[in-house]
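Asks: have a look at this prediction, sequence included:
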Amino acid sequence: MEWEVVIGLEVHVQLNTKTKIFSGSSTAFGAAPNTQASAVDLALPGTLPVLNEQALKKAILFGLAIDADICMASVFDRKNYFYPDLPKGYQTTQMDFPIVGPGIVTINLADGSSRDIRVHHAHLEEDAGKSLHEDYRGMTGIDLNRAGTPLIEIVSEPDLRSAEEAVAYLRKIHSIVTYLDISDGDMSQGSLRCDANVSVRPKGQAEYGTRAEIKNINSFRFVERAIKVETQRQIELIEDGGKVKQETRLYDSDKNETRGMRSKEEANDYRYFPCPDLLPVVIEQDLVDQLKTTMPELPDAKRQRFEQAYGLSSYDAALLTTERAIADYFEAAADAAGDAKLAANWVNGELSAALNRDSLGIAISPVSASQLGGLIQRIVDNSISGKIAKQVFEALWNGEGDSADAIIDSKGLKQVSDTGALGAMVDDVLAANPDQVEQFRGADEGKRKKMLGYFVGQIMKASKGQANPGVINKLLNEKLGS
Amino acid sequence: MSLDQNEISKLARLARINVADSETEELSQRIGDILDMVDVMQAVDTSNVVAMANPHDAVQRLRADEVSETNQRDHFQTIAPQTEDGLYLVPQVIE
């Protein structure tokens, strides 16, 4: 039987505010345990929450970016459960009146097509603290620095139909929140994480199968693998006559499997009710209008502009616009270079490979956009070949000079186009290869072309790659009398 | 409307309250009375009334995003039963 997988994602995004959602504690990363946990975060009696204005604005910005309705009077609710890293005994979240209503996220797929995925809503809530289960002799250590960090939870409709689509969706959310600068989007630090609701059904069937929820997946790669392995598990279970149980599962990346979490039946009885400590959050249209004017160019618009204004392929434009920092770097390099297509090739090629190799983000690239632009200029004006340019790039990367020009000068890498100097080199190579010259003269037109490549290669080698290939070809043709 | 013993035990467990078996009957009666009152209120036609999230006729004030809290960990941890390396220690919880 042919099966179809149905996926909905709940994406949690930590907002990059300076302080927590309901208290004036810092959210700076890396502080010593519990040094950023105030009386409000610890839920000491008599404390009251006050909503952070920036958290609200950042949530609204997200709503505007996905073309959603903004709820002009949203309400905070309490989600009740007991866990030591949740000192209040409830999470303050939004249930019936979330700040962001239904919206659309357009995903871009590998084959170049795109598809609209519906967002059910997005709401504001607080993060919990962290539990450390090791090293405390059978006790659990609690760090509440993260407790109260503002989050938006973005809940999609079950519109995704493959693990690849789920990853594309998550990537787009990542792009949007980093473009908006409402989150650092750093998945390795938990700034963006997701739960995946996965079910399968026979292709063509209208009703959904029973879903399992895979909790807390924290990388793009794991999202894809977790969904694939869970899909396979469900299909095999059903084909063996079993039934999928509605439950919460965890993905184990070491074993590449999902496992059911041991949880009591009533664990999901959260007994939501409106939080009496917080009043309804009423927004004026003026605020929404004002935020609209601060919206940056978003990934899809930028991609289109890159294709049209710079004549880039949709593939190159998509790669360059996944991150705002990459797009900004490219534009600066293209401006400096005066050749956008070449700049795109270098950013997506050499630069991105070097960044990956050294595990660096583009923001701290050792080669700046203006340096790369300067390098590309020298390729464009034929001062150096593409091959030599790679050497210059490596030298720039290793800090051997401040600019491409400085390195080309100090290393004497400038392309040799001087007919006299090259002519001598051509004579030497021809003299050293009398047999090949003989063969060349006896060959027909078609074969000659190929054989000419041999001589060009020898001369390039002799010149350490600095000979101008155009000039060599011309000289060879003259001297071989072809 | 009344609650059976199982429902009472479940509520007690969710709220982390110890309820002795001898208390369940009385509790069932008292919670039942409250639910009866809710039933009476349910009979009121509220189809034209907007749901009220808070009885106060006011809206939420907002706070500027500026750090106003200082580190008072040592002070707070004087009332914690057990701490180590700056962490609060609690009986082990692993799912």
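Replies: Yep, that arrived.
Asks: residues touching stretch A:123-131, excluding its own?
Replies: Contact partners of stretch A:123-131, identified using CB atoms under 8 Å, 6 or more residues apart in numbering or on different chains, comprise A:12, A:14, A:20-22, A:37, A:55-56, A:59, A:74, A:76, A:83-87, A:91-95, A:98-100, A:140-153, A:155, B:93. Backbone N, C-alpha and C define where each C-beta goes, glycine included.
Asks: buried subset of these as a ChimeraX selection?
Replies: In ChimeraX, a selection of the buried entries from these looks like this (16 or more other CB atoms under 10 Å in any protein chain shown):
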select /A:12,14,20,21,22,37,55,56,59,74,76,84,85,86,87,91,92,93,94,95,98,99,100,140,141,142,143,144,145,146,147,148,149,150,151,152,153,155
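Asks: mind checking pLDDT for residue A:460?
Replies: With respect to pLDDT, residue A:460 scores 82.
Asks: buried set for the longest strand along chain B?
Replies: The longest strand of chain B (DSSP state E) is strand B:87-91. Across strand B:87-91, burial judged by 16+ other CB under 10 Å covers B:87, B:88, B:89, B:90.
Asks: show me what it pairs with in its sheet, parallel or antiparallel.
Replies: Taking DSSP bridges as the criterion, strand B:87-91 forms sheet pairs with strand A:139-143 (antiparallel), strand B:83-84 (antiparallel).
Asks: for stretch B:10-21, the averaged confidence score.
Replies: 87.
Asks: okay, how far is it across that stretch, tip to tip?
Replies: For stretch B:10-21, the separation between the terminal residues is 13 Å (CA to CA, to the nearest Å).
Asks: next, the buried residues of it.
Replies: Under 16+ other CB under 10 Å, the buried positions of stretch B:10-21 are B:11, B:12, B:14.
Asks: cool, stretch A:36-47 as well?
Replies: Those would be A:36, A:37, A:38, A:39, A:40, A:41, A:42, A:43, for stretch A:36-47 by 16+ other CB under 10 Å.
Asks: show me which residues of chain B sit near chain A.
Replies: B:10, B:13-14, B:16, B:51, B:53-54, B:56, B:58-69, B:71-73, B:76-77, B:82, B:84-95 (CB under 8 Å from any CB of the partner chain).
Asks: hmm, which of those are the buried ones?
Replies: For those, buried by 16+ other CB under 10 Å: B:14, B:53-54, B:60, B:63, B:65, B:69, B:71, B:73, B:76, B:86-90.
Asks: lowest-confidence entry in those residues?
Replies: Pick the lowest pLDDT in those and you get residue B:53, at 77.
Asks: skip the chain neighbours and tell me the closest residue to residue A:456.
Replies: residue A:472 (5.6 Å; CB to CB, 6 or more residues apart in numbering or on different chains).
Asks: give me the three-state assignment for that neighbour.
Replies: Here residue A:472 is recorded as helix under DSSP: H, G, I helix; E, B strand; the rest coil.
Asks: any idea how many residues pack against it?
Replies: 24 (other CB atoms under 10 Å in any protein chain shown).
Asks: any idea of the pLDDT on it?
Replies: Residue A:472 is assigned 82 on the pLDDT scale.
Asks: what do you get for the one 4 residues further on?
Replies: Confidence at residue A:476, expressed as pLDDT, is 83.
Asks: for stretch A:327-342, buried residues please.
Replies: So, applying 16+ other CB under 10 Å, buried residues of stretch A:327-342: A:327, A:329, A:330, A:331, A:332, A:333, A:334, A:336, A:337, A:339, A:340, A:342.
Asks: show residues contacting it.
Replies: Contacts for stretch A:327-342 (CB under 8 Å, 6+ apart): A:302, A:306, A:310-312, A:320-321, A:343-344, A:346-347, A:362, A:365, A:369-370, A:372-377, A:379-380.
Asks: for the most far-flung residue of chain B relative to its centre, give me its contacts.
Replies: The centre of chain B is farthest from one residue, residue B:85, which by CA atoms, centre = their mean lies 30.7 Å away. Contact analysis of residue B:85 by CB under 8 Å, 6+ apart lists A:33, A:141.
Asks: try residue A:50
Replies: Shown in contact with residue A:50 (CB under 8 Å, 6+ apart): A:22, A:23, B:61, B:62, B:63.
Asks: among the residues you listed, which are in strands?
Replies: Using DSSP E, those in strands are B:62, B:63.
Asks: tell me which of the contacts of residue A:50 has the lowest pLDDT.
Replies: Scoring the contacts of residue A:50 by pLDDT puts residue B:61 last, at 93.
Asks: what secondary structure does residue A:167 sit in?
Replies: helix.
Asks: and it, how many neighbours?
Replies: Residue A:167 has 22 nearby residues by other CB under 10 Å.
Asks: and for the one 10 residues further on?
Replies: Using other CB under 10 Å, residue A:177 has 26 other residues around it.
Asks: could you point out the helix or strand that follows the helix or strand containing it?
Replies: Under the criterion of DSSP states H and E, residue A:177 resides in helix A:163-179. Where DSSP H and E defines the elements, the next helix or strand beyond helix A:163-179 is strand A:192-202.
Asks: list the contacts of stretch B:60-71.
Replies: For stretch B:60-71, contacts defined as CB under 8 Å, 6+ apart pick out A:17-19, A:23-26, A:35-36, A:38, A:40, A:50-56, A:278-282.
Asks: gap between the spatially most central residue of chain B and residue A:301?
Replies: With distances taken as CA atoms, centre = their mean, residue B:15 lies nearest the centre of chain B, 7.2 Å away. Residue B:15 sits 51 Å away from residue A:301, going by CB to CB, to the nearest Å.
Asks: mind listing what's buried in stretch A:236-247?
Replies: A:238, A:244.
Asks: look up phi and psi at residue A:219.
Replies: Backbone torsions of residue A:219, given as degrees, to the nearest 10, read phi -150, psi 160.
Asks: I'd say it and residue A:190 touch.
Replies: No - contact between residue A:219 and residue A:190 fails when scored by CB atoms under 8 Å: they sit 10.7 Å apart.
Asks: what's the following helix or strand after the one helix or strand residue A:328 maps to?
Replies: Element membership for residue A:328 (DSSP H and E) is helix A:324-337. Next in sequence after helix A:324-337, counting helices and strands by DSSP H and E, comes helix A:340-346.
Asks: what about that next one, average pLDDT?
Replies: Here the average pLDDT along helix A:340-346 is 95.
Asks: cool, and stretch A:89-109?
Replies: pLDDT averaged over stretch A:89-109 gives 96.
Asks: anything in it near chain B?
Replies: Yes - applying CB under 8 Å from any CB, one finds stretch A:89-109 in contact with chain B at A:96, A:97.
Asks: taking helix A:163-179 as reference, get the angle to the helix with the most length in chain A.
Replies: In chain A, ranked by residue count with DSSP state H as the criterion, the top helix is helix A:220-239. Per axes from the mean of the first three to the mean of the last three CA atoms, to 10 degrees, the angle that helix A:220-239 makes with helix A:163-179 is 150 degrees.
Asks: in helix A:220-239, which residues are buried?
Replies: Buried residues in helix A:220-239 (16+ other CB under 10 Å): A:220, A:222-231, A:233-235, A:238.
Asks: quick one: contacts for residue A:303?
Replies: A:314, A:317, A:318, A:320, A:321.
Asks: would you list the phi and psi of it?
Replies: Dihedral angles (degrees, to the nearest 10) for residue A:303: phi -60, psi -50.
Asks: the helix or strand residue A:453 falls within - contacts with which helices or strands?
Replies: In this assignment (DSSP H and E), residue A:453 forms part of helix A:445-462. Packing partners of helix A:445-462 (3 or more CB pairs under 8 Å, 6 or more residues apart in numbering or on different chains; DSSP states H and E): helix A:419-432, helix A:434-442, helix A:469-479.
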